[in-house]
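**Student:** Sequence plus predicted model, see below.
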Amino acid sequence: MLWSLLKILVFVAIIGLLAMGAGFLMESSGGVQITVAGTEYTLGPLQSAIALGVLVFAVWLFFKLLTLLVATLKFLNGDETALSRYFDRSREKRGYQALADGLMALASGEGRVAMTKANKAEKLLNKPELTNLLVAQAAEMTGDTKKASETYKKLVANNSTRFVGVRGIMKQKLSEGDDETALKLAEKALAIKPRHEETQDVLLNLQTRAQDWAGARSTLNSKLKAGYLPRDVFKRRDAVLALSEAKDILDETASVEQQEHAIEANRLSPDLVPAAAMAARAYIEKGKPRAAAKILKKAWEAQPHPDLAHAFAEAVPDETPEQRIKRFTALTRIHPDNMETRLILAELNIVAEDFPEARRALGDVVEKQGDARAYTLMAAIERGEGASDAVVQGWLAKALNAPRGPQWVCDNCHDIQAEWAPICQNCGSFDTLSWQTPQTPEIASVTGVHMLPLIVGALEDQSEPEAVEEAEEPEDTATEDVIEVHAEPATTEEVRQN
């Protein structure tokens, strides 16, 4: 309110002063005489003041028009002027609007609209780091891979957009199935941005596919340093990679370094069954059965597994069945009620021809958790106790139609694998195989090596009665064979064929 009143008072004061000045000039004598072309003009004081104001305005207007003329001439000549800057701002505004419309079209899945807007923005804006990216993505959406590839190469040429260009070409190579080139591009992209999480994941996946285990361990370590991987997960996956480096440890050409990798894998993740079995075999090769037994017992505490029993049996290959049963107490007393423990005890007692004890070892496994392996063992027990062929064949028939039980199953695609591997053979995912019962159990096919000794024995019973005694007298050294037979599951393909 006071500010408005003050402005009114100032305005009234200015009008008053002008009126006083005009009155003073009108009362004054004298004036200005101007002669133009022989004509004399006499101006009074007030008229002279007005003429002076008009002259000043005319001079100001003249210089403005002169400046506009000079700017127009410079504009036509291509020089930067206020006029050119005005048109530049207008063009830039329309370019950014086209760029925004292109991004919206891209997000909406309208590839052709995005390409049109991208081309318009490219013409209006002189910012290739923005427009080239939009052009490349729009070209990919419309299926123009050639245009996208050319645009990504332009991005590679610019230092500020090199990473985006390399990453774009890498994704194209991945979609084309060119993993070798994609691997090189992923390495280059990671060298530009070492902490980029997506590139680390892509590189790790490609390195594991290429079985570049040393490179994969380096990439995994980078993920840990960048904070993208919990330390417990890092230890587990590093153990898997170390185990992969020692995969051929049992070959005759296996080096000491491979054995050390197996031992390191077990140290990193003691509960990793394949690592424990491989490390135990490495110690057995070195003549250290006690160290091997220690590793296997620790892994058995985490998860009883047939592979661990295999390795434990290999520590002393020339022992008698009774000695083996006694030595296996170190494992079987850890989880006495576990299904795997009961099956192992049953197998060992079958080989030792202690069939009543084998039946007691199985307990209620057949009724509650019956699978092909349990039914097969029951058939062997019945045969050992002198049951009729009908009873034995009845158990074999159940085994033929029973589920397989725990197997190596991919957590990602749920595919069943015959043996553990660092990479799923079906979906190619890394470290996703776990020992579990499949969600959709397969019907077991035990017509192969699992049932061969029993079937052959049954056939011999029908043709040559005297062969029964030979079939009921297994050799002591068959313990390891029994364990190996029941621990080697048939592949999915074998199940389907049978």
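**Tutor:** All right, it came through fine. The shown structure was predicted, so the numbers you read here are calculated from the model rather than taken from an experiment.

**Student:** Would you mind measuring from the closest residue to Q323 other than its chain neighbours to K398?
**Tutor:** Counting by CB to CB, 6 or more residues apart in numbering, Q323 lies nearest to V316, which is 7.6 Å off, once chain neighbours are set aside. All C-beta spots, glycine's among them, are computed from the backbone N, C-alpha and C. Applying CB to CB, to the nearest Å, the value for V316 to K398 is 34 Å.

**Student:** ok, the two, which is more surrounded?
**Tutor:** Each of V316 and K398 has its neighbours counted (other CB atoms under 10 Å); K398 has more, 20 against 13.

**Student:** Go ahead and confirm that one touches G370.
**Tutor:** Yes. Using CB atoms under 8 Å, K398 is in contact with G370, at 7.4 Å.

**Student:** Give the residue spans of the stretch 51-200 of the chain that score low on pLDDT.
**Tutor:** Applying pLDDT under 70 to the stretch 51-200 of the chain flags the ranges 75, 78-85.

**Student:** And for stretch 287-298, what's in contact with it?
**Tutor:** By CB atoms under 8 Å, 6 or more residues apart in numbering, the residues outside stretch 287-298 that reach it are 266, 270, 276-277, 279-281, 283-284, 308, 311-312, 315-316, 330-331, 334.

**Student:** do stretch 154-173 as well
**Tutor:** Stretch 154-173 has contacts (CB under 8 Å, 6+ apart) with 128-129, 132-133, 136, 140, 145, 148-149, 152-153, 179, 181-182, 185-186, 188-189, 192-193, 196, 199, 202.

**Student:** redo that, cut-off 6 Å
**Tutor:** With CB atoms under 6 Å, 6 or more residues apart in numbering as the test, stretch 154-173 has contacts from 129, 132, 136, 152, 181-182, 185-186, 188-189, 192-193.

**Student:** Next: stretch 186-194.
**Tutor:** 163, 166-167, 170, 199, 202-203, 206.

**Student:** all helices for the stretch 1-150 of the chain, in order.
**Tutor:** 2-27, 45-77, 82-107, 111-124, 128-142, 145-157 (DSSP state H, counting those that start in this stretch).

**Student:** Just list what the fourth one packs against, helices and strands only.
**Tutor:** The one in question is helix 111-124. Judged by 3 or more CB pairs under 6 Å, 6 or more residues apart in numbering; DSSP states H and E, helix 111-124 is in contact with helix 82-107, helix 128-142.

**Student:** how many degrees apart are the shortest one and helix 111-124 in direction?
**Tutor:** By that I understand helix 128-142. 160 degrees (axes from the mean of the first three to the mean of the last three CA atoms, to 10 degrees).

**Student:** Return helix 128-142 as CSV; C-alpha atoms alone will do.
**Tutor:** Output of helix 128-142 as CSV, limited to C-alpha atoms (Å, rounded to 0.1, in the frame of the first residue of the first chain):
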residue,chain,number,x,y,z
PRO,A,128,26.3,-36.1,-32.3
GLU,A,129,26.8,-37.5,-28.8
LEU,A,130,23.1,-37.1,-28.2
THR,A,131,21.5,-37.6,-31.6
ASN,A,132,23.8,-40.6,-32.6
LEU,A,133,22.7,-42.6,-29.6
LEU,A,134,19.0,-41.9,-30.4
VAL,A,135,19.6,-42.9,-34.0
ALA,A,136,21.3,-46.1,-33.1
GLN,A,137,18.6,-47.2,-30.7
ALA,A,138,15.9,-46.3,-33.1
ALA,A,139,17.6,-48.2,-35.8
GLU,A,140,17.9,-51.3,-33.6
MET,A,141,14.2,-51.0,-32.8
THR,A,142,13.2,-50.9,-36.5
